[in-house]
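Chemist: Next input, structure requested:
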Amino acid sequence: MSGAWRVLSEEIARWRDAGRSVEFWWRDDDAARPGPALERLLALSARSGVPLALAVVPAQADPAIFSRLDNSVSVIQHGTDHANRAASGEKKTEFPASEPPERALARLDAARKRLAAQAGDRFLAILAPPWNRLPKSLVPLLATAGFCGLSQYGPRSSAVPARGVRQVNTHVDVIAWRSSRRFVGEDEALVAAVRHLAARRAGLADTGEPTGWLTHHGVHDGAAWDFLGRLFETTLAIPGVEWRCAGELFQVT
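Modeler: Below you'll find the predicted structure:
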């Protein structure tokens, strides 16, 4: 076992010694159309038994993808169209600060209804905004557009950021977006996971927020796929580790 894997195992052991379970969850972004990468993603979830929250772009969604989902896969909403509306000097976002809230909410509501009709009972009304960015002013209004959940990136500041909205974020992105746009590497991914687990254990991050793994099947290289397979196989064999499904985490029945 390499150093980074050993460090992860040791951190999990600290949780187990404290009588606590380590909870992970898995979100994959940018789903829209059938293809080899999506097929590989779904096969990995089915083979490993790890539940998958598939974030689908409503405006780009091909109905054919939904017939391929088994019971281990939940569909959540990845914005509306994944179009960058950022103003000059603003980071990429589908929801710029300049957009009137009522316009953004109308887009979200229409997209939610479309995606729900396509995905059927696999759909959960959870918003994972593109680039993980959403104006704070929109969060208290999400319930009025039919959403019960929000998922972004980084430790959450609140499990319930607004009435009727539950938040569960991701914390480990396996893609190095700022450099190679390829797999970040085993060490970096595992260190990020251990960092969040240790912060939770020490009470420096929300102790009740499961550590979330974020993937983007469309840009995975071979190393990313190999890592995910090893991650699932390794963690599922360790006592005290649970991979949770989105429906449970967001308390959607």
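Chemist: Low-confidence ranges, this structure, go.
Modeler: 1, 253 (pLDDT under 70).
Chemist: Tell me where it has strands.
Modeler: 22-31, 52-56, 73-77, 123-127, 149-150, 166-167, 172-173, 211-215, 241-243 (DSSP state E).
Chemist: Mind putting those into TSV with mean neighbour count and distance to residue 137?
Modeler: Quick note: C-beta positions are derived from backbone N, CA and C, even for glycine. Below are the strands of the chain laid out as TSV (neighbours: other CB atoms under 10 Å; distance: least, CB to CB, whole Å):
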stretch	mean neighbour count	distance to residue 137
strand 22-31	25	23
strand 52-56	27	22
strand 73-77	26	19
strand 123-127	23	14
strand 149-150	24	13
strand 166-167	22	16
strand 172-173	21	25
strand 211-215	24	24
strand 241-243	17	34
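Chemist: Point to the residue nearest the middle of the protein.
Modeler: residue 27 (2.9 Å; CA atoms, centre = their mean).
Chemist: wait, that one sits on residue 153?
Modeler: No - the pair residue 27 and residue 153 fails to qualify as a contact (CB atoms under 8 Å) at a distance of 9.5 Å.
Chemist: Buried ones in the lengthiest helix in the chain, by neighbour count?
Modeler: Counting residues, the longest helix found in the chain (DSSP state H) is helix 101-119. Buried positions in helix 101-119, judged by neighbour count with 16 or more other CB atoms under 10 Å: 104-105, 107-109, 111-112, 115-116, 118-119.
Chemist: with these in mind, which one is nearest to residue 11?
Modeler: residue 119 (35.5 Å; CB to CB).
Chemist: Surely the closest one touches residue 66?
Modeler: Yes - counting by CB under 8 Å, residue 66 is a contact partner of residue 119 at 5.2 Å.
Chemist: what about the residue lying closest to residue 228 once chain neighbours are set aside, neighbour count?
Modeler: Using CB to CB, 6 or more residues apart in numbering and skipping the chain neighbours, the partner closest in space to residue 228 is residue 44 (6.3 Å). By other CB atoms under 10 Å, 19 other residues sit near residue 44.
Chemist: Can we start the residue count at 262 from this point?
Modeler: Sure thing, new numbering starts at 262, so read that last one as residue 305.
Chemist: give me every residue that touches residue 305.
Modeler: 311, 486, 489-490, 493 (CB atoms under 8 Å, 6 or more residues apart in numbering).
Chemist: Return the distance of residue 379 relative to residue 312.
Modeler: When distance is defined by CB to CB, to the nearest Å, residue 379 is 20 Å away from residue 312.
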